[in-house]
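J.: sequence and predicted structure, then a few things I'm wondering about:
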Amino acid sequence: MALVAALNNAVAAPASRKVPRIPFAERFEVTQHGGMARAANSSITCRKAVVKAAARCTQARAGRGVNGDYEMFYTDVDKDPNTYNSSRAELRLPAGSRVSHARLYWGGNLRAGEQKPHKDNRRVLIAEPGGQYKEVLADTVTGHRTSARTDAFQASSDVTPLVRDSGSGSYTVAQINISRGRSTAGAWGGWTLVVAYENQREPLRHLALWDGFENIAPGRRRSVTVKGPRIPAGASGRVGLVAYDGDRGAGGDALSVGTDRRATARMSDSANPRNDVANSTITTLGRSDGNREPAYRNTLGYDSDVFDIKPALRAGGSRTTVRLGTTKDSFQAGALFLQTDARR
């Protein structure tokens, strides 16, 4: 694919800041008939095991394995010599939908077998269904957290005009600034396109998107409280989480949801145990999103999961709280998106 001009709405972000955390803040919120959708994929995977006890790479991609046990190398599906990493995923919107807001998130680890420059965090390429690459520049602060072993970042940009014009289909994202190679901390990275849409055929819902960059480590719990209209009886809802460096099988990490002062309920499904939600998966309601290229079940360090929160919703409540915590495995949380039925 040839490279084309930058998106018209892309603007340069402020210089990267080395900060221990960027607290979560509301990015978008609306009450309307419609819902939330997303497309996501990882941008790096294993090439070969470097730890004797580790499973073969093909087995790790399909099941259990952690990135620190492997030499990691980019996925590159576009056959374009101008890109060194790329991956695809399908965005599915109900017929007749109009995109209200679309935001692209990308991030990863800059330090593994090499140290990638921070200046490249703010730029990626995106190709809409059937289209050519367009340059996207982060329109928000590109945050990164530096520790003794990792240098992790997340950036994002408003891509509403592009997705509104292009609609459903397969999106390709390339050139995410991720380090390849091997370290005990591992290499990881990927992208998620989060979309809020309006559709009069769907229920009235409260939709909210929050983002930041929070290191979730033992003893460091974080929470986000979303205030919206009253929740009707029998309401349904979903919460989505974008996270980095969650190791499958390490355990201890949890996502809980509660309404008003009701006790929170831990989220889990067939793909995400209640004690290991940051487990390197891209899933919707317990099913691996197979409409991706590549479609590895174990992303080796990237999570973009959507959970059913109906059991946590309380009729008449108006404040939904999402909590993240861990007792063992540390990970970074980058975005949360929430969809709940609303009372007229």
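T.: Yep, it's here.
J.: name the SS class of Gly234, please.
T.: When classified by DSSP: H, G, I helix; E, B strand; the rest coil, Gly234 comes out as coil.
J.: need the pLDDT of it.
T.: The score at Gly234 is 95. That number is its pLDDT.
J.: any idea how far it is from Ala315?
T.: Using Cβ to Cβ, to the nearest Å, one gets 8 Å for the distance from Gly234 to Ala315. Glycine gets a C-beta too; all of them are placed from N, C-alpha and C.
J.: try Gly108
T.: To Ala315, Gly108 is 41 Å away according to Cβ to Cβ.
J.: so those two - more neighbours on which side?
T.: Comparing Gly108 with Ala315 by other Cβ atoms under 10 Å, the one with more neighbours is Gly108, at 30 against 12.
J.: mind listing what the more buried one touches?
T.: Shown in contact with Gly108 (Cβ atoms under 8 Å, 6 or more residues apart in numbering): 43-44, 152-153, 176-179, 187-190, 244, 302.
J.: can you check Ser183 too?
T.: Ser183 sits next to 68, 111-113, 149 when contact means Cβ under 8 Å, 6+ apart.
J.: repeat for Gln115
T.: By Cβ under 8 Å, 6+ apart, the contact list for Gln115 reads 151, 179.
J.: how does it look with 10 Å?
T.: Neighbour list for Gln115: 151, 179, 181 [criterion: Cβ atoms under 10 Å, 6 or more residues apart in numbering].
J.: do Arg61 as well
T.: 45-46, 55, 70, 294-300.
J.: buried only: go through those residues for me.
T.: In these, burial by neighbour count holds for 45-46, 55, 70, 295-300, counting by 16 or more other Cβ atoms under 10 Å.
J.: any low-confidence regions in the chain?
T.: Applying pLDDT under 70 to the chain picks out residues 1-20.
J.: geometric centre of it: which residue is closest?
T.: The residue lying closest to the centre of the chain (Cα atoms, centre = their mean) is Val242, at 2.9 Å.
J.: got the phi and psi for it?
T.: Note on Val242: its backbone torsions stand at phi -110, psi 120 [degrees, to the nearest 10].
J.: again, but for Arg123
T.: The phi/psi pair for Arg123 (degrees, to the nearest 10) is phi -120, psi 130.
J.: surely Thr172 is in contact with Asp80?
T.: Yes. Using Cβ atoms under 10 Å, Thr172 makes contact with Asp80 at a distance of 9.3 Å.
J.: which neighbours do these two share?
T.: With Cβ under 10 Å, 6+ apart as the test, Thr172 and Asp80 both reach 1, 86, 125, 127, 132-133.
J.: can you say which of the residues you listed are buried?
T.: Buried members of the shared contacts of Thr172 and Asp80, scored by 16+ other Cβ under 10 Å, are 1, 86, 125, 127, 133.
J.: quick check, nearest of those to Thr281?
T.: Nearest to Thr281 out of these is Ser86 (Cβ to Cβ; 20.6 Å).
J.: quick check: closest non-adjacent residue to the closest one.
T.: Leaving aside its sequence neighbours, Ser86 sits nearest to Ala174 (Cβ to Cβ, 6 or more residues apart in numbering; 3.7 Å).
J.: wait, that neighbour sits on Leu104?
T.: No. Applying Cβ under 10 Å, one finds Ala174 not in contact with Leu104, separated by 12.0 Å.
J.: of these two, who's got more company?
T.: A count of neighbours by other Cβ under 10 Å puts Ala174 above the other of Ala174 and Leu104, at 26 against 23.
J.: that one and Glu198, how far apart?
T.: On the measure of Cβ to Cβ, Ala174 and Glu198 end up 30 Å apart.
J.: for Leu204, which residues are in contact?
T.: Residues in contact with Leu204 (Cβ under 10 Å, 6+ apart) are 31-34, 229, 232, 341-344.
J.: one more time with 7 Å, if that's ok
T.: Applying Cβ atoms under 7 Å, 6 or more residues apart in numbering, we find Leu204 in contact with 31, 33, 342, 344.
J.: out of those, grab the one that's most surrounded.
T.: Most neighbours among the contacts of Leu204, by other Cβ under 10 Å: Ala342, with 21 neighbours.
J.: got the contact list for it?
T.: For Ala342, the contact set (Cβ under 7 Å, 6+ apart) comprises 31, 204-206, 228-229.
J.: Gly167 too?
T.: So Gly167 contacts Leu93 (Cβ under 7 Å, 6+ apart).
J.: how close does it get to Leu207?
T.: Distance of Gly167 to Leu207, computed by Cβ to Cβ: 18 Å.
J.: likewise Gly189?
T.: Look at Gly189 and Leu207: by Cβ to Cβ, they are 27 Å apart.
J.: how about Thr75?
T.: Using Cβ to Cβ, Thr75 is found at 31 Å from Leu207.
J.: the two: which has the busier surroundings?
T.: Comparing Thr75 with Leu207 by neighbour count (other Cβ under 10 Å), the higher total belongs to Leu207, at 24 against 21.
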